[in-house]
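K.L.:
Provided below are the primary sequence and the corresponding predicted coordinates.
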Amino acid sequence: MIGRWAVCLAALAAAGCATNVAEQQACPSAKVVREFSNLTQFLPGPGRDLTDVVIEAKVDSVDGFCQFDLENDGSGEVEVDMEVFFQAALGPSNDTRSAEFVYFVALLDKERNVLRKPIFDAVLTFPSNASRVQFSDEIAVDFRLEAGEPAADYEILVGFQLTDEEAEYNRKAGL
């Protein structure tokens, strides 16, 4: 009797203690791209000092979990339900107490090819008693796996969709 249990336990250990293919899968990594994690918007025109800032924002982090709908051969659908966390601060030139910006959520394959990169709009209205806010946005990223393909080979990257001027400002500021 003990011998049969030992054989069963060894078989479970060899199978990764998973009862189905989905339980053997790990989620793709999801991370914020440092070069695109900060945004400083200025008033239109040539001014670029502190008094010209309309809003400063930061992508803080991402969190999520995976749901798998896989066949026995490992092929099927993966959905990554993510929450993207932001902070934002009103600049001295913001007289509307609101701000708009865009950010991306890119899905990359194991060769780091961008498979898709949807752009999302965020519109903020600051409460009358706050010049800084923290908020989050919920996003779902889905993709298909082929038989035997690990979901962990994929990667999800998040950042602001910066203009050339905003990206140059970040480079000069060391952000």
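P.N.:
Received the coordinates, thanks.
K.L.:
next helix or strand past the worst-scoring helix or strand of the chain on mean pLDDT?
P.N.:
Lowest by mean pLDDT, DSSP states H and E among the helices and strands of the chain is helix 2-14, with a mean of 36. For helix 2-14, the succeeding helix or strand toward the C-terminus, using DSSP states H and E, is strand 29-32.
K.L.:
what's the next helix or strand after that next one packed up against?
P.N.:
The helix or strand immediately downstream of strand 29-32 is strand 38-42, counting by DSSP H and E. When contacts are defined as 3 or more C-beta pairs under 8 Å, 6 or more residues apart in numbering; DSSP states H and E, strand 38-42 packs onto strand 53-70, strand 98-108, helix 164-173. All C-beta atoms are positioned from the backbone trio N, CA, C, and that covers glycine.
K.L.:
residue nearest the centroid of the protein?
P.N.:
Taking C-alpha atoms, centre = their mean, the centroid of the chain lies closest to Val158, which sits 4.0 Å from it.
K.L.:
in stretch 32-42, what counts as buried?
P.N.:
32, 36-42 (16 or more other C-beta atoms under 10 Å).
K.L.:
wait, which of those residues is closest to Gly174?
P.N.:
Nearest to Gly174 among the buried residues of stretch 32-42: Asn38, at 10.2 Å, using C-beta to C-beta.
K.L.:
okay, and the beta partners of the closest one?
P.N.:
Per DSSP bridges, the residues bridged to Asn38 are Lys58.
K.L.:
that one: what's it in contact with?
P.N.:
56-59, 160, 170, 175 (C-beta atoms under 8 Å, 6 or more residues apart in numbering).
K.L.:
out of those residues, who's nearest Gly47?
P.N.:
Of the contacts of Asn38, the one sitting nearest to Gly47 (C-beta to C-beta) turns out to be Glu56, at 15.4 Å.
K.L.:
number of nearby residues for the closest one?
P.N.:
Neighbours of Glu56 under the rule other C-beta atoms under 10 Å: 17.
K.L.:
wait, it touches Thr40, no?
P.N.:
Yes - Glu56 is within contact range of Thr40, at 5.2 Å (criterion: C-beta atoms under 8 Å).
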